[in-house]
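# model the following, please.
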Amino acid sequence: MPSSEESYGIKNVADKICRLPPDLLTETSQHILAYLQGQTSGVDSAEISHRFQRAGVSLHHEAVQSIIRFLLLTFRSAGKNNLSADDFVSKLEESCSKWSKTSLQVLQTLWSEHGAAVHAQQEAQSVLSIGQLVDVQWKLGMAVSSDTCRSLNSPYVSLLLKIAEPSGQIQQRAFEMTIPQFQVS
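Here you go, the predicted model:
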């Protein structure tokens, strides 16, 4: 259950969204849905803010950003959970009672048109996500002998990679290779 502060934040954003003309809410949501479907590289909050001004909607840039963040997180969460349009609207109504019928109808229509594509993109991202390199440690050493050879005298490179997995865990991977192997890699 959200805290009173979170509820106030949702109510505040829902109130701002409900004051938007339906065509502006549609246009803003379509911009966000295009991003979530992988059709654009990002959501341009300055452009959306400019569109609001041209439509005569006077909101501070921070308020526009809060609307964008809310819609982005809401659509992303609905895509991740593969919600139907009716379930999507039910979740919105559960989160806040301030939603206008018009705003809910706009969001329901858009989600019924784009929800499956957002879900497919979310699935693809989870399958294709790779870790991010956090740290690299290396050292150059000299192997003087081994189990099979008494006098090896061979240089080697030892690497320790720290990788942040998409789940958030940090994994360590260690490698040792000869200089020729390292040069080829």
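
# L140: which element?
strand 132-143 (DSSP states H and E).

# no, scratch that, I was asking about R173
Short version, using DSSP H and E: R173 is in strand 170-178.

# run through the neighbouring helices and strands of the helix or strand just after that strand.
Next along the chain after strand 170-178, taking DSSP H and E as the criterion, comes helix 179-184. Judged by 3 or more CB pairs under 8 Å, 6 or more residues apart in numbering; DSSP states H and E, helix 179-184 is in contact with strand 154-164. All C-beta spots, glycine's among them, are computed from the backbone N, C-alpha and C.

# got the domain ranges for this structure?
4-128, 132-182 (the TED database).

# endpoints of the last one, how far apart?
The first and last residues of domain 132-182 sit 21 Å apart, counting by CA to CA, to the nearest Å.

# what is the mean pLDDT for it?
Mean pLDDT, computed over domain 132-182, is 81.

# and the closest residue to V89 other than its chain neighbours, how far is that from S84?
What sits nearest to V89 in space, not counting adjacent residues and going by CB to CB, 6 or more residues apart in numbering, is Q108, at 4.8 Å. Plainly put, Q108 is 10 Å away from S84 if you go by CB to CB, to the nearest Å.

# got it, and A63?
30 Å.

# list the contacts for the residue nearest the centre of the chain?
Central residue of the chain (CA atoms, centre = their mean): R76, 7.6 Å from the mean position. By CB atoms under 8 Å, 6 or more residues apart in numbering, the contact list for R76 reads 36, 118, 122.

# show me where pLDDT drops low in the chain?
1-8, 128-129, 149-151, 166-169 (pLDDT under 70).

# please redo it, this time with the cut-off set to 80
Low-confidence segments of the chain (pLDDT under 80): 1-9, 41, 125-132, 143-153, 164-170, 185.
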